[in-house]
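Asker: Pasting a predicted model and its sequence here:
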Amino acid sequence: MLFSYLYKKKIVLPLSITRKIFMIMAITIAPTYFLSILWLKLPALLYLIAGAAGILQLLVLFYFVKLILLVKKNVTQKFTTKYLWILASIAFILKIILQVLSVIPFLSYYAFSFRPIVIGYLHLSFLGIISFFILAYINQVLIAQGKQISKTGALIFSTGVLLQEIVLMIQGLEVMEFKPLPYANLILFFLAIMIGIGLVWIAITVSKSANYKLTQNSST
């Protein structure tokens, strides 16, 4: 989607960067799957392959940052789009780093044996990377039509996601004998409601924009 958006904006990306990002990600998708099942006590060969693939994905971060800097120079973005894409980029970088760190046996043991850490990692991937990026992309499409998603809705949603990650991280520290966070599950419940409110708020603004466009087309 990112490359599609840049293509529509007629931004020519260096073929060397895009090719390297694509090739590394394509080659390492299957091997890095083993990083998610290290708790199965994989054979040494598969363990080494998974570790090498994870380290190789660190190269993606180098080329990804170069790509982001290039896009920043050539694309004018509204605050909401920039804010969401920054969050998505940070989430992507953290995801790759945490994925590689899971190769370390000590960290791998706690990561796969404690539920809040697993949930936090999944939230980082799905809410942090995918949701933030898609919302930013939708916002850019709406901007081309003279509209944009609700800043308030985006702020409520992103705040809920970030606070959930913090609470889950604090819960994860309990395994290292840190003091438990009081009412953590109740806090997570209310933060989930907060995320839902933010999404509904955003959906309403997108729906209004779509209805406005249909009305404009029918009147002409």
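Answerer: Thanks, I have it.

Asker: Which positions in stretch 56-69 come out as buried?
Answerer: 56-57, 60, 63-64, 67-68 (16 or more other CB atoms under 10 Å). (C-beta placed from N, C-alpha, C; glycine too.)

Asker: That should have said stretch 189-205, apologies.
Answerer: 191, 194-195, 198-199, 201-202, 205.

Asker: residues contacting the residue sitting nearest the centre point of the chain?
Answerer: Most central in the chain under CA atoms, centre = their mean is Ile129, positioned 1.0 Å from the mean C-alpha point. Neighbour list for Ile129: 88, 91-92, 95 [criterion: CB atoms under 8 Å, 6 or more residues apart in numbering].

Asker: how close does it get to Trp85?
Answerer: 11 Å (CB to CB, to the nearest Å).

Asker: any chance you could map the helices in the protein?
Answerer: Ranges of helices in the chain, per DSSP state H, are 2-8, 15-33, 44-74, 79-101, 105-113, 115-123, 132-143, 151-172, 184-219.

Asker: Next, format the ones you listed as TSV and append mean pLDDT.
Answerer: Formatted as TSV, these follow (pLDDT from 0 to 100):
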stretch	mean pLDDT
helix 2-8	66
helix 15-33	82
helix 44-74	81
helix 79-101	88
helix 105-113	74
helix 115-123	87
helix 132-143	88
helix 151-172	93
helix 184-219	81
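
Asker: closest to Phe178 out of those?
Answerer: helix 151-172 (7.6 Å; CB to CB).

Asker: May I see the buried residues of stretch 110-122?
Answerer: 111-112, 114, 116-117, 119-121.

Asker: same check, this time on stretch 20-33
Answerer: For stretch 20-33, by 16+ other CB under 10 Å, it's 20-21, 24, 28, 31-32.

Asker: Name the nearest of those relative to Leu162.
Answerer: The closest of the buried residues of stretch 20-33, once distances to Leu162 are taken by CB to CB, is Thr32, at 25.4 Å.

Asker: what residues are up against the residue nearest to the closest one when sequence neighbours are not counted?
Answerer: Residue nearest to Thr32 in three dimensions, not counting chain neighbours: Ala53, with 4.7 Å by CB to CB, 6 or more residues apart in numbering. Residues in contact with Ala53 (CB under 8 Å, 6+ apart) are 27-28, 31-32, 34-35.

Asker: repeat that for 6 Å
Answerer: 28, 31-32 (CB atoms under 6 Å, 6 or more residues apart in numbering).

Asker: Hmm, Pro116 is touching Glu174, no?
Answerer: No - using CB atoms under 6 Å as the test, Pro116 is too far from Glu174 to be in contact (7.9 Å).

Asker: so Lys20 sits right up against Tyr63, yeah?
Answerer: Yes - if you go by CB under 6 Å, Lys20 and Tyr63 touch, sitting 5.3 Å apart.
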